[in-house]
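**Student:** requesting a structural model of the entry that follows:
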Amino acid sequence: MSGGSEGRWGRWGRRVRALARPHLLPLGVYLAGAIATTWPSVFRLTTHVSGGLGDALQNIWNIWWVHRALSEGRWLYFSELQFHPEGSDLYFHTLSPATTVPTSALLFVGVSPVAAYNVAIIAHFVIAGWAHYLLARRLGAGLVGALAAGAALSFGPFHVAHSAGGHFQLTGIHWLSFYLLTLLALIDRPSIRRGALAALLLALVTYTDWYILLNAGLLSVALLVGRWVEDRALLRSTALWRGLGTAALGYCLLAGPLLHRMLTIRATEELSPGHSSWYWAGDLQTLVIPNRHMSLSFLGHAHQSWTGNGVEASTYLGFGLLVLAAVAVAKGRRLVWLLAGMAALLALFTLGPYLHWGGAVLLDVPLPYRAVERHIPVLGLMGCPGRFALGAAVCLTLAASLGD
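**Tutor:** Next up, the predicted model:
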């Protein structure tokens with residue numbers, strides 16, 4: 001009995017040690033970073049809102065509403081509490097079920113909506129770093145490079161600023177990294193099961209935020225092209241096309257009803273844009289000058305003149321990342337070149353339809369986003385080009401990690 005028990009505990013010990021390096025280490029690092037970033041939220045979960053109020057109050061209501069709808073068997077996308085007593089649908093509301101549904105589970109065990117929101121913010125920092133770490137490792141980054149990539153994305157300007165601004169839907173960036181990780185697995189080892197998993201994760205991205213979905217679409221193309229450039233026989237793989245077909249069909253089944261309903265509303269009703277893209281675009285200076293949510297903002301006050309606000313101007317890329325990415329590009333790997341090119345394109349998109357410089361909108365200098373917005377009407381309804389900084393940060397951090 002003793003020998004069998006020791007053998008069993010020995011096997012468990014080996015398993016724990018095997019997990020410690022690739023998983024427990026990054027999770028511990030990102031947990032420490034999350035606590036430090038949100039300090040002192042961990043000690044004020046029930047009394048204060050993490051970050052600024054901003055849109056946080058609306059998102060706390062979202063968590064409360066999702067909990068109520070689930071507990072009473074109601075449809076999430078309609079509430080009689082909006083425009084009472086007639087009620088209103090919530091299809092164009094930032095409901096973000098992929099983040100609010102898991103968070104609302106805490107309310108079922110007695111946690112308050114405010115505490116649930118705060119716990120989720122901290123958890124999202126941890127999960128975002130871990131998911132991106134796994135993605136970087138999948139692409140071939142070393143341990144240190146992958147750890148740095150996860151930290152740079154999760155604790156970078158975009159994620160921190162939108163968390164501080166109360167944009168709960170934009171804190172769920174981990175779904176993007178998990179989806180891209182699954183897409184890579186599907187490309188490298190195609191199967192129907194991996195295609196179905198990719199469909200599920202892309203649907204979760206869709207049920208998180210539309211900007212994250214747009215970034216996911218562009219990054220999907222980049223990874224597919226990158227793998228094809230490395231292996232020209234890839235697109236002749238019947239198994240890959242079968243897996244991609246499964247992913248497309250599964251996505252239509254999971255997200256199609258929501259997309260169809262929104263497109264129907266868009267075609268039959270007159271909708272006003274949520275934001276003006278020319279105003280909420282990033283300034284060219286925002287790419288290279290720290291914004292007000294960063295500790296380096298004391299170096300200057302240029303951010304005070306930018307249009308929009310400090311949250312939407314969170315498009316700073318970081319000189320350290322740019323240098324590391326340049327080193328990786330110099331090593332000549334084609335995928336790194338592609339990632340760097342996609343980062344540059346998405347950074348250009350953050351500037352919106354017209355060039356901004358120092359708060360001035362130069363209407364005589366139109367940018368490519370203007371043409372893209374004209375051909376994709378949904379962008380006109382969204383109106384925050386700066387949020388393409390997420391995709392730029394994903395590409396840049398991955399490119400930098402591959403240079404270690």
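**Student:** state the mean pLDDT of stretch 364-384.
**Tutor:** The average pLDDT for stretch 364-384 rounds to 84.
**Student:** end to end on that stretch, go ahead and measure it.
**Tutor:** Start-to-end span of stretch 364-384 (C-alpha to C-alpha, to the nearest Å) is 20 Å.
**Student:** what's in contact with it?
**Tutor:** With contacts defined as C-beta atoms under 8 Å, 6 or more residues apart in numbering, stretch 364-384 is touched by 92, 210-211, 214, 266, 271, 273-277, 280-281, 312, 348-349, 351-355, 385. Bear in mind the C-beta positions are built from the backbone N, C-alpha and C, glycine included.
**Student:** redo that, cut-off 6 Å
**Tutor:** Here stretch 364-384 makes contact (C-beta atoms under 6 Å, 6 or more residues apart in numbering) with 273-277, 280, 312, 349, 351-355, 385.
**Student:** what's the distance between Leu201 and Val160?
**Tutor:** 24 Å (C-beta to C-beta, to the nearest Å).
**Student:** settle it for me: which of those two has more neighbours?
**Tutor:** Shown here are Leu201 and Val160; by other C-beta atoms under 10 Å, Leu201 has more neighbours (24 against 21).
**Student:** residues near the closest residue to the more buried one other than its chain neighbours, how many?
**Tutor:** Excluding the flanking residues, the one nearest Leu201 by C-beta to C-beta, 6 or more residues apart in numbering is Tyr179, at 3.9 Å. By the criterion of other C-beta under 10 Å, Tyr179 has 27 neighbours.
**Student:** likewise for Leu322?
**Tutor:** For Leu322, the neighbour count with other C-beta under 10 Å is 17.
**Student:** list phi and psi for it.
**Tutor:** Per-residue torsions, Leu322: phi -60, psi -40 (degrees, to the nearest 10).
**Student:** any idea how far it is from Ala343?
**Tutor:** 9 Å.
**Student:** try Gly54
**Tutor:** Taken as C-beta to C-beta, the span from Gly54 to Ala343 is 27 Å.
**Student:** neighbour count for the two, which is higher?
**Tutor:** Taking neighbours as other C-beta under 10 Å, Gly54 and Ala343 compare with Ala343 leading, 26 against 18.
**Student:** pLDDT at the more buried one, what is it?
**Tutor:** Looking at Ala343, its pLDDT reads 92.
**Student:** what helix or strand does it sit in?
**Tutor:** helix 334-349 (DSSP states H and E).
**Student:** next helix or strand past that helix?
**Tutor:** Downstream of helix 334-349 (by DSSP H and E), the next one is strand 354-357.
**Student:** how many neighbours does the residue lying closest to Gly358 once chain neighbours are set aside have?
**Tutor:** Sequence neighbours aside, Ser305 is the residue nearest to Gly358 in space, at 5.6 Å (criterion: C-beta to C-beta, 6+ apart). Ser305 has 13 neighbouring residues, counting by other C-beta under 10 Å.
**Student:** tell me the pLDDT at Ser305?
**Tutor:** 76.
**Student:** I figured it hits Ala360, correct?
**Tutor:** No: the pair Ser305 and Ala360 fails to qualify as a contact (C-beta atoms under 6 Å) at a distance of 8.5 Å.
**Student:** noted, bye for now.
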